[in-house]
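*Asks:* okay, here's the prediction I keep looking at, along with the sequence it came from:
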Amino acid sequence: MSLSRLFLHSSESHTADVRPLNDLKPDDPDSSEARGESRAISRLRLAVRCVALAAAVVFAGVLASWSLGALALVAVSPFVAIGSAIAARVVGWTTLLALPVLLISLVRRRWFCRWLCPTGLVCEQVGRIGSAAGRRAPRVGPLGHWLALATWGGACLGYPVLLWLDPLAILASFLGSRWAAFFTAAGLASAAGLTVLLLLSLIAPGLWCMRLCPLGATQELLAALPRLGNRERGANGERAWPLARRVVLAGGLGAAWAWTLGRARCESPPIRPPGALDEARFRGVCVRCGNCLGACPTKILQADGGGHGLGSLLTPVVQFGPGYCREDCRRCGEVCPSGAIARLALTDKRTARMGLARVDMSICLLGEDRDCSICRNVCPYEAIAMVWSEEEYAAVLKIDPARCPGCGACQVACPTEPRRAIVVVA
C-alpha cells in the first residue's frame, strides 16, 4: 500500500485505535460490551479534551503574564517545533517541549488531535451543528501534508512560510487578544483566524481538522516515518519511495516561496523586540500568537496592522510611548514559543540592538540655545553625550552606536512636541 493510500485510508476514521463497532455482528455476545467500552472511551476522551481547552483558556488568557503558561500552549506543537528549529538553525529548550507529542505521534497516529487539541474540540463541536444542518465536507486530498512540507521546505531557507497556520497559535492569538483594542485592525485580525476556522467547520464539517490542519498532517507524517523503509512494489511494477515525490514538490514550492519573500525588502522596516531574528526570517518564524504582546510590561509591543506590508501582519512591532524597553526586562523572549525572539540574559540584552537613536538638532532645544539634558540623563546605557561642536559653535548631542541598543528611553523623555528631537529608527 502506498503512503498516499495509507493516509487516505487512515484519515477516514477518527478512531483507528478502537475496534470498529460495525465489525461486530448483532448476535455477537461481545458487541454490547464493546459498545459500552467504546462509549466509555468516548466520554473519557471528551472529558480530557474539555480539560485541555479549559487549561488553554486559563494559560493563554487569564495567566498570560506567566511565561511558561503562555509559552507551552504553542510550543507543544511539533509542527511549530520542527519549522522553527530548521529556520533558526538551533534546537532550544522550547523546541524540546514538543518532544513528547512528537514521539507519541510516531506510534499513535493523530493522538494529540483525538485527546488534547483544544482548537480541534471547538471546531468539532461547531461542525456538529453543520452536520445536523446537512452540510458535508468536499472530498479532497490531504492538503495539510503539502502545507506542512512546504513550510519546512521554506524553513530550510530561513522562512517557514505557513508556520502561523498552526491551530494552537491561532487559538493563542484569539485568547490573547486585548479586548480594549479589539476593534482595531490588529485586534480584529487576531480574532479572525479562529473565526475563519469555525466558519469553515460550520460550512464543511471536518475539512479543517482532517484535510487542512498542518498540525494534524505533521502527526500523520511522523506516524508514517517507521514505514518509510518499506519500498513496496507499485501498480506499474516499479519500486519507489512513496513520500519522495511529495517531499520534493511541496518542499521545493515552499523553498521557492521563501526565496521570493526573502528577496523582497521592506522600504521602512519596523523596530522589532530585542533578540528578534533578522527581518527576513522573523516574519516567517513568528507564529503571531500574541504572547509577547501580552507579556510586555510597558505595552510598547503592538500587533502590526499591515502598515509594514502583508508579510508583517500581526507580527510584534515596537511603538514607544508612554513606556520604553526596560533594561531589566526580557519577558518577550521568555514567552516566544517559536524562537523568533531569543531568550536573552540581562547581560546580553545590552548588545541586542533594536534600533539606533538619532537626533535632529533643528528641533532639539540645544539648537535654540536652551538648556536641556533630559535624554542624556535618562539613558540607562550612557550612550548619549553632550559635546561641543566647532562647526555649530554650540553644544550638540552625540550618540554612541556601540552603547545604544535603541531602547527608546530618550525618545519617550524628550520634551519637544509634536515631533521628538531624538527618535529611534530600525
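*Replies:* On my side now, so go ahead.
*Asks:* distance check, Gly365 against Tyr324.
*Replies:* Quick fix: residue 365 is Leu, not Gly. 20 Å (C-beta to C-beta, to the nearest Å). Backbone N, C-alpha and C define where each C-beta goes, glycine included.
*Asks:* likewise Glu382?
*Replies:* For Glu382 relative to Tyr324 (C-beta to C-beta), the value is 15 Å.
*Asks:* quick one: Ala40 is in a helix?
*Replies:* Yes - counting by DSSP: H, G, I helix; E, B strand; the rest coil, Ala40 is located in a helix.
*Asks:* and for it, the neighbour number?
*Replies:* Residues lying near Ala40 (other C-beta atoms under 10 Å) number 10.
*Asks:* pull up the per-residue confidence for it.
*Replies:* Looking at Ala40, its pLDDT is 85.
*Asks:* and for the one 4 residues further on?
*Replies:* At Leu44, the predicted lDDT confidence score is 91.
*Asks:* now the helix or strand harbouring it: buried residues?
*Replies:* Following DSSP states H and E, one finds Leu44 within helix 31-57. Within helix 31-57, the residues that qualify as buried are Ala34, Arg45, Arg49, Ala52, Leu53, Ala55, Ala56, counting by 16 or more other C-beta atoms under 10 Å.
*Asks:* got a list of what the fifth one touches?
*Replies:* Read it as Leu53. Pro118, Leu121, Val122 (C-beta atoms under 8 Å, 6 or more residues apart in numbering).
*Asks:* please name the residues that touch the second one.
*Replies:* Each residue near Leu121 by C-beta under 8 Å, 6+ apart is listed here: Arg49, Cys50, Ala52, Leu53.
*Asks:* same check on the last one?
*Replies:* With C-beta under 8 Å, 6+ apart as the criterion, the residues that contact Val122 are Leu53, Leu171, Leu194, Leu198.
*Asks:* before we move on, back to that, adding distance to Gln319, write the buried residues of helix 31-57 out as CSV.
*Replies:* What follows is the buried residues of helix 31-57, written out as CSV (distance: C-beta to C-beta, whole Å):
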residue, distance to Gln319
Ala34, 60
Arg45, 44
Arg49, 38
Ala52, 35
Leu53, 33
Ala55, 32
Ala56, 28
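*Asks:* of the residues you listed, closest to Val424?
*Replies:* The shortest gap between Val424 and any of those belongs to Ala56, at 35.7 Å (C-beta to C-beta).
*Asks:* where does Leu215 fall, secondary structure wise?
*Replies:* Judged by DSSP H and E, Leu215 forms part of helix 214-224.
*Asks:* next helix or strand past that helix?
*Replies:* helix 244-263.
*Asks:* so what secondary structure elements neighbour that next one?
*Replies:* helix 143-155, helix 279-285 (3 or more C-beta pairs under 8 Å, 6 or more residues apart in numbering; DSSP states H and E).
*Asks:* contacts for stretch 318-329, please.
*Replies:* Against stretch 318-329 from outside (C-beta under 8 Å, 6+ apart): 270-274, 296-302, 346, 349-350, 354-355, 380-381, 405-409, 411-412, 424.
*Asks:* on that earlier part again, counting neighbours, which of the contacts of Val122 comes out on top?
*Replies:* Most surrounded of the contacts of Val122: other C-beta under 10 Å gives Leu171, at 25 neighbours.
*Asks:* so that residue sits against Cys123, correct?
*Replies:* No - using C-beta atoms under 8 Å, Leu171 is not in contact with Cys123, being 10.0 Å away.
*Asks:* tell me where the model's unsure across the stretch 251-400 of the chain.
*Replies:* Across the stretch 251-400 of the chain, the ranges flagged by pLDDT under 70 are 262, 264-267, 390, 392-393.
*Asks:* now the helices for the stretch 301-426 of the chain?
*Replies:* Counting by DSSP state H, counting those that start in this stretch, the stretch 301-426 of the chain has these helices, from start to end: 331-335, 346-349, 374-378, 409-413.
*Asks:* can you show me the strands along the stretch 301-426 of the chain?
*Replies:* Counting by DSSP state E, counting those that start in this stretch, the stretch 301-426 of the chain has these strands, from start to end: 301-303, 316-318, 356-359, 384-389, 394-399, 422-425.
*Asks:* that older thread, among the contacts of Leu53, which are in helices?
*Replies:* Among these, the ones falling in helices (DSSP state H) are Pro118, Leu121, Val122.
*Asks:* report the central residue of this structure.
*Replies:* Val287 (1.7 Å; C-alpha atoms, centre = their mean).
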